[in-house]
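Participant: I'd like to go over a predicted model; first the sequence, then the structure.
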Amino acid sequence: MTTGNTISLFLKDEAATIRLGEDLALALKAGDCLALSGDLGAGKSSLARAILRAIADDEGLEVPSPTFTLVQSYDLRIPISHFDLYRLGDPSELTELGFDEALESGICLVEWPEMAESELPAQRIALGLEHEGSGRRATIKVSDPQASRIRRVLAIRAFLDEAGYPDAKRRFLTGDASLRAYEAIYQDDGQRKILMDWRPHPEGPPVYDGKSYPKVAHLAQNAYPFVAIADALRGRGFATPEIYKVDYIKGILLIEDLGTEGVLDDDGRPIAERYRQSVACLAHLHSMQIPQDIPVSATHTHHIPDFDRTAMKMEVQLVLDWHIAWKRGTPPTDSERAEYLAIWDALIDELATAEKNLLLRDFHSPNIIWREGESGIGKVGIIDFQDAMIGPTAYDLASIVQDARVTIEPELFRQLMDDYLTLRRAQGGFDEAGFMKAWAIMSAQRNCKLAGLWVRLLQRDRKLGYLKHMPRTLAYLQVAFEHEALAPLRDWCARAGIGQSES
């Protein structure tokens, strides 16, 4: 039962307490203080132990009681400090135990919080446990935004119950650069499934013609596109996840686990065989026509959007909006901006006769699963396609042979291009010259977008790790510039100070 920011749950047995701990482990973030209250034997230690083991993803993790040491710290995915204040002499001693430092960098689990109530943060999560019949009653009092996180993990638990997995074990899997998060779901048989947490989010401010950036760029806003493309590709022999259950309103999906092997080696370098097979898979995809309207349910048909002029220009404007000022300290002038956009209008005109079909949009190493036991296109697991569009097929070839996250050395690049072109020639009716012009334009479009995106992630979102990809992105852009059609853009970038030597 949920009333305002108070959540009341009946835990029928110890297993239910452990499941609540696993749920909370997925909701807690650095800076959260979870205060556990209740009489002796009410289940505080059981709940704390379940949270710690879930975050550690180690059911055998030794969790000694901090009754005598007062605090026990764990260096896990999120650092956790487990406090037991039963023997605390004075509330001021909490500072001496390093509580403030622990809370700044991680999570604090606090048993017997009433012993230092005045020293605990006002925005703590207060969880009380008391005996009720043969079980326990858990009452959680919390303020936003922690409340929304807790409600979300409980909604996912209810979704799993409805899907027939009431006792499923949940573990954090990953988040991505978007708004989605993923969990690993285990049932008693040990088989793993994947849960996609794709919660609805505010649309965002209008940026063009009254529309938000995601709408202009045709980014998926709900699960319908993911299900539609997954089913369409899987029905044609491609390895996309089977969808077991989906709640379109809440944005929760339970899907097949295609595996954990990728296309990079242990040192993060591309494995040539796997990239070559991925390119072969792409050539096969480009040989067939995918319908633009795909029925998803009795009431919904997904229309795959076109990679239109507006979307292309919106993306390449990231160079104007973020990259140039970061590079040279001054924003582009009005004349520079107008010239750049005019160049792109002309380049997009050149794509009028390009081969167009389904493009997956982000077909590169983070989104490809290697399936050693399969054969042919089944070896290549495809897991990211919700933003797929209809547009120049050359875009996806650019995304894999110029992988944004890993350097594709010239020798491998040439091999991959030759593999793809050889397969397409064998299919017949392939306009190679037209395709190569489209490839150069799409490579430039993608890398201009990324050159701006890396800076935006740094400056707006405070995500520091993406800037390491900038030299690679600009080196890829130089390759695109080798095509004569890109001469105007190449010259503009040289005058604007956008070059390969940036770091």
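Facilitator: Perfect, thanks for sending it.
Participant: Check the closest residue to residue 118 other than its chain neighbours and give its pLDDT.
Facilitator: Taking CB to CB, 6 or more residues apart in numbering, and ignoring the residues beside it in sequence, residue 118 has residue 91 as its nearest neighbour in space, at 5.4 Å. For the C-beta atoms, the positions are set from N, CA and C on the backbone; glycine is no exception. At residue 91 the predicted local distance difference test score is 92.
Participant: do the one 10 residues further on as well
Facilitator: Each residue has a pLDDT score; the one for residue 101 is 96.
Participant: sorry, back to before: and the gap between the residue nearest to residue 118 and residue 102?
Facilitator: Residue 91 sits 16 Å away from residue 102, taking CB to CB, to the nearest Å as the criterion.
Participant: Tell me which of these two has more neighbours.
Facilitator: For residue 91 versus residue 102, the count of surrounding residues by other CB atoms under 10 Å is larger for residue 102: 19 against 14.
Participant: Send me the helix or strand hosting the more buried one as PDB with only the CA atoms.
Facilitator: In this structure, residue 102 is located in helix 99-105 according to DSSP states H and E. Extracted C-alpha coordinates of helix 99-105, given in PDB (Å, rounded to 0.1, in the frame of the first residue of the first chain):
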ATOM      1  CA  PHE A  99      29.400   9.200   8.600                       C
ATOM      2  CA  ASP A 100      29.500  12.400   6.600                       C
ATOM      3  CA  GLU A 101      32.300  11.200   4.400                       C
ATOM      4  CA  ALA A 102      30.700   7.800   3.900                       C
ATOM      5  CA  LEU A 103      27.400   9.500   2.900                       C
ATOM      6  CA  GLU A 104      29.100  11.800   0.400                       C
ATOM      7  CA  SER A 105      30.600   9.000  -1.600                       C
END
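Participant: Could you give me the buried positions within it?
Facilitator: Buried residues in helix 99-105, defined by neighbour count with 16 or more other CB atoms under 10 Å: 99, 102, 103.
Participant: For the first one, list the residues it contacts.
Facilitator: Contacts for residue 99 (CB atoms under 8 Å, 6 or more residues apart in numbering) come out as 71, 81, 83, 108, 119.
Participant: The second one should be in a strand, yeah?
Facilitator: Yes. With DSSP: H, G, I helix; E, B strand; the rest coil as the criterion, residue 81 is located in a strand.
Participant: Which positions in the longest helix belonging to the chain come out as buried?
Facilitator: Under DSSP state H, the helix in the chain containing the largest number of residues is helix 432-459. Neighbour-count burial for helix 432-459 flags 434-435, 437-458 (criterion: 16+ other CB under 10 Å).
Participant: same deal with stretch 163-171?
Facilitator: In stretch 163-171, residues buried by neighbour count (16+ other CB under 10 Å) are 163, 165, 168, 169, 170, 171.
Participant: Please state the backbone phi and psi of the second one?
Facilitator: Taking degrees, to the nearest 10, you get phi -130, psi 60 for the backbone angles of residue 165.
Participant: my read: residue 489 touches residue 444, true?
Facilitator: Yes. Checked against CB atoms under 8 Å, the pair residue 489 and residue 444 is within contact range at 6.0 Å.
Participant: neighbours around the residue nearest to residue 157 when sequence neighbours are not counted, how many?
Facilitator: The spatial neighbour of residue 157 that comes closest, neighbours along the chain excluded (CB to CB, 6+ apart), is residue 23 at 5.4 Å. Residue 23: 21 surrounding residues under other CB under 10 Å.
Participant: What strand or helix carries residue 23?
Facilitator: With elements taken from DSSP H and E, the one containing residue 23 is helix 14-27.
Participant: same thing with residue 310?
Facilitator: Assigned by DSSP H and E, residue 310 belongs to helix 309-318.
Participant: Give me the average confidence score over that helix.
Facilitator: So the average pLDDT for helix 309-318 ends up being 95.
Participant: still on that earlier bit, just give me how far the helix holding residue 102 sits from the chain centre.
Facilitator: On the basis of CA atoms, centre = their mean, to the nearest Å, the separation between the geometric centre of helix 99-105 and that of its chain is 27 Å.
Participant: repeat for stretch 475-494
Facilitator: Relative to the chain's own centre, stretch 475-494 is displaced by 31 Å; criterion: CA atoms, centre = their mean.
Participant: any residues touching that stretch, and which ones?
Facilitator: The contact list for stretch 475-494 (CB under 8 Å, 6+ apart) reads 336, 339-340, 343-344, 346-347, 350, 398, 402, 413, 436-437, 440-441, 443-444, 447-448, 451, 498-500.
Participant: can you tell me the distance between the two ends of that stretch?
Facilitator: Distances were taken as CA to CA, to the nearest Å; on that basis the terminal residues of stretch 475-494 are 13 Å apart.
Participant: Next, residue 164: phi, psi?
Facilitator: In this entry, residue 164 is assigned phi and psi values of phi 90, psi 20 (degrees, to the nearest 10).
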